[in-house]
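Student: Here is a sequence with its predicted model. Questions after.
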Amino acid sequence: MTMDFTLRRIAILGGLFCGAIALGETEVEVWLTTESLDVTLEQQEDVLFKDDGSGGGLIVDIDEDTQYQTIDGWGVSLTGASSWLITERLSDAKRQEVMESLFGPTGIGLSMLRQTIGASDFNLSTYSYNDGEEDPQLERFSIERDREYILPRIRDALSINPQIKVMGSPWSPPGWMKSSGDLIGGTLLNTHYETNADYLVKFIQAYEEEGVPIYAITPQNEPGYSPAHYPGMILTKNQQIRFIGDYLGPALRTAGLDRVKIICHDHNYDGLDIPQAILSSSASEYVAGSGFHHYGGPIQAMSTLNSEFPEKGIWFTEGGFGEWNDHFDNIVHEMIEIPRNWAKAIVLWNAALDQNSGPSVIGEDNPNEGMLLIRSDSMDQVSYNGQYYYLGHLSKFVRPGAVRIASPSWIGDLETVAFKNLDSSVALVVANRSQSARRITVNWRGKHFEYEVPRRCMITYQWGG
């Protein structure tokens with residue numbers, strides 16, 4: 001009798017499990033964020049695909065057979081400023097909560113980090129890993145300055161999500177390698193191309209000794225811009241070709257680090273001629289692809305580059321937000337259009353800044369906002385900006401290794417982007433920037449569901465898997 005009861009129980013549970021799988025093929029989760037942020041990544045009532053009839057409104061056909069780029073991940077930068085705030089202005093419990101919200105599955109599950117190689121504008125002070133007198137043998141090289149705040153927070157992120165890919169980008173090599181003799185301004189001296197390549201190799205090796213594997217590096221952050229108040233350096237396209245092709249690529253190969261991707265350009269859309277030249281040169285053999293920022297030019301530049309060099313990847317490597325562009329229409333449009341234009345990743349800028357847009361070596365005349373606002377004049381005061389939730393509509397549901405699949409988009413009205421994850425689940429991200437609700441019908445595998453998309457909102461639909 002006990003055996004019969006056990007067998008019946010197993011059969012019932014097995015039937016329920018199989019039923020759940022069948023249901024999962026047609027049941028759709030719905031997650032919503034509104035422009036007002038009164039609703040933020042909140043799960044709504046599920047909807048079901050229907051086998052019969054036809055829907056109305058805008059038609060969203062999901063075509064899994066038409067596939068585009070593979071996704072590396074979605075991320076942010078744990079800058080010196082962000083890492084200091086998370087370390088010094090949060091209690092242990094609050095810090096864990098914040099890191100889980102950024103990198104954990106109960107949060108938005110970020111899966112990429114772009115870390116500065118040395119200091120950027122968002123640090124307590126400027127530094128490189130080899131300051132002082134000229135040292136071509138790099139005997140003074142040390143990442144000690146990163147051990148206090150930055151490396152512990154990167155390791156925290158990796159402990160929460162071991163899948164995180166870490167990219168490194170230098171704002172400046174040591175001043176003695178440059179024509180300015182300083183971290184600010186100048187360009188790389190001809191005598192120190194090899195030294196700078198060795199410097200970047202040492203960075204990769206030092207970070208990996210600290211338990212932080214490096215997935216990719218860029219040779220120079222924003223090489224077409226020389227800032228007046230923080231580290232930076234001009235590196236022309238011909239200089240980049242020479243540096244990558246004759247020095248950095250061979251140095252990585254000699255060190256057994258050719259698995260580390262070199263991503264060129266790392267600057268704005270309107271500098272398209274630079275990656276075009278690099279990818280057309282002999283340096284191309286060492287280059288995995290190009291990185292872009294959104295501070296100038298049309299976003300479609302990435303599609304232009306993909307059409308010319310389809311074998312090379314495209315990454316969106318930095319997107320900062322502040323007074324000039326932190327509004328609903330702009331951010332949700334970019335969250336949709338950046339992957340629609342072939343980017344394998346979206347990496348936003350500071351993970352956290354304080355009420356004065358810092359700490360920063362620029363001072364308080366600085367319009368930037370972090371993904372989080374952590375007040376520096378009190379403890380445990382954290383708020384989440386819109387960019388956290390809008391990127392979360394991608395990062396929480398589209399995992400590394402997913403592929404973008406075909407969906408339509410009506411720019412300025414209703415915009416969509418769709419992905420298929422490695423577990424075969426589908427995520428459809430929709431932004432409605434119009435002032436009225438829009439009825440849509442989503443068609444997939446001969447089935448459909450209808451939905452009234454509220455005005456001024458972002459929605460992720462997820463099903464299958």
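Tutor: Good, I have the coordinates. Note that this is a predicted model, so its numbers are computed, not measured.
Student: Now do the buried residues in stretch 350-369.
Tutor: Across stretch 350-369, burial judged by 16 or more other Cβ atoms under 10 Å covers 350-354, 357-362, 366, 368-369. Every residue, glycine included, has its C-beta placed from N, CA and C.
Student: Run the chain-centre distance for it.
Tutor: When C-alpha coordinates are averaged (Cα atoms, centre = their mean, to the nearest Å), stretch 350-369 and its chain have centres 20 Å apart.
Student: Mind pulling the model confidence for the most centrally placed residue in the chain?
Tutor: For the chain, the residue nearest the mean C-alpha position is residue 347 (2.2 Å; Cα atoms, centre = their mean). We note a pLDDT of 98 for residue 347 in this prediction.
Student: Also the one 3 residues further on?
Tutor: Looking at residue 350, its pLDDT reads 98.
Student: Chain neighbours aside, what residue packs nearest to it?
Tutor: Once flanking residues are discounted, residue 350 sits nearest to residue 370: 4.0 Å by Cβ to Cβ, 6 or more residues apart in numbering.
Student: where in the stretch 301-450 of the chain is pLDDT low?
Tutor: The model of the stretch 301-450 of the chain has pLDDT under 70 over residues 364-365.
Student: Tell me the spacing between the closest residue to residue 444 other than its chain neighbours and residue 316.
Tutor: Nearest residue to residue 444 in three dimensions, chain neighbours excluded: residue 62, at 4.4 Å (Cβ to Cβ, 6+ apart). Plainly put, residue 62 is 23 Å away from residue 316 if you go by Cβ to Cβ, to the nearest Å.
Student: go on, residue 244?
Tutor: The spacing between residue 244 and residue 316, counted by Cβ to Cβ, is 20 Å.
Student: just to revisit the earlier point, identify the bridge partners of the residue nearest to the centre of the chain.
Tutor: When bridges are called by DSSP bridges, residue 347 pairs up with residue 75.
Student: contacting residues for it?
Tutor: Residues near residue 347 by Cβ atoms under 8 Å, 6 or more residues apart in numbering: 74-77, 112-114, 167, 315-319.
Student: which one of those residues is nearest residue 303?
Tutor: Residue 303 has its nearest neighbour among these in residue 316, at 12.6 Å by Cβ to Cβ.
Student: Surely the closest one touches residue 343?
Tutor: Yes. Between residue 316 and residue 343 there is a contact at 4.3 Å, judged by Cβ atoms under 8 Å.
Student: Quickly list what's touching both of those two.
Tutor: With Cβ under 8 Å, 6+ apart, residue 316 and residue 343 have common neighbours 292, 302.
Student: Other residues contacting stretch 142-149?
Tutor: Applying Cβ under 8 Å, 6+ apart, the contact partners of stretch 142-149 are 80, 83-84, 86-88, 119, 127, 129-130, 151, 203, 206-207, 210.
Student: about what we covered before: can you report how many residues lie near the residue nearest to residue 350?
Tutor: If you count neighbours by other Cβ atoms under 10 Å, residue 370 ends up with 29.
Student: For it, give its distance to residue 232.
Tutor: Distance from residue 370 to residue 232, by Cβ to Cβ: 21 Å.
Student: tell me the SS of residue 262?
Tutor: Of the three states, residue 262 takes strand according to DSSP: H, G, I helix; E, B strand; the rest coil.
Student: From residue 85, how far off is it?
Tutor: 31 Å.
Student: Among these two, which residue is more densely surrounded?
Tutor: residue 85 (29 against 20).
Student: mind listing the strands for the stretch 351-465 of the chain?
Tutor: Applying DSSP state E, counting those that start in this stretch to the stretch 351-465 of the chain gives strands spanning 352-353, 368-369, 372-374, 382-384, 403-406, 414-420, 426-432, 438-444, 447-453, 457-463.
Student: any idea which of those is most buried?
Tutor: Neighbour counts averaged per stretch over those are highest for strand 352-353, at a mean of 28; criterion: mean count of other Cβ atoms under 10 Å.
Student: So what touches it?
Tutor: Everything outside strand 352-353 that qualifies as a contact, by Cβ under 8 Å, 6+ apart, is 81-82, 85-86, 98, 122, 360, 368-374.
Student: ok so, going back, nearest to residue 94 among the strands of the stretch 351-465 of the chain would be which one?
Tutor: strand 382-384 (6.9 Å).
Student: Which strands border that closest one, and is each parallel or antiparallel?
Tutor: Strand 382-384 has these strand partners (DSSP bridges): strand 372-374 (antiparallel).
Student: Pull the distance from stretch 60-75 to the chain's centre.
Tutor: The answer for stretch 60-75 is 16 Å, by Cα atoms, centre = their mean.
Student: and what of stretch 255-262?
Tutor: 21 Å.
Student: Could I get the buried residue list for that stretch?
Tutor: Result for stretch 255-262 [16+ other Cβ under 10 Å]: buried residues 257, 260, 261, 262.
Student: I figured the last one was touching residue 219, is that so?
Tutor: Yes. The criterion here is Cβ under 8 Å, and residue 262 meets it with residue 219 at 7.0 Å.
Student: overlap in contacts of the two?
Tutor: With Cβ under 8 Å, 6+ apart, residue 262 and residue 219 have common neighbours 244, 248.
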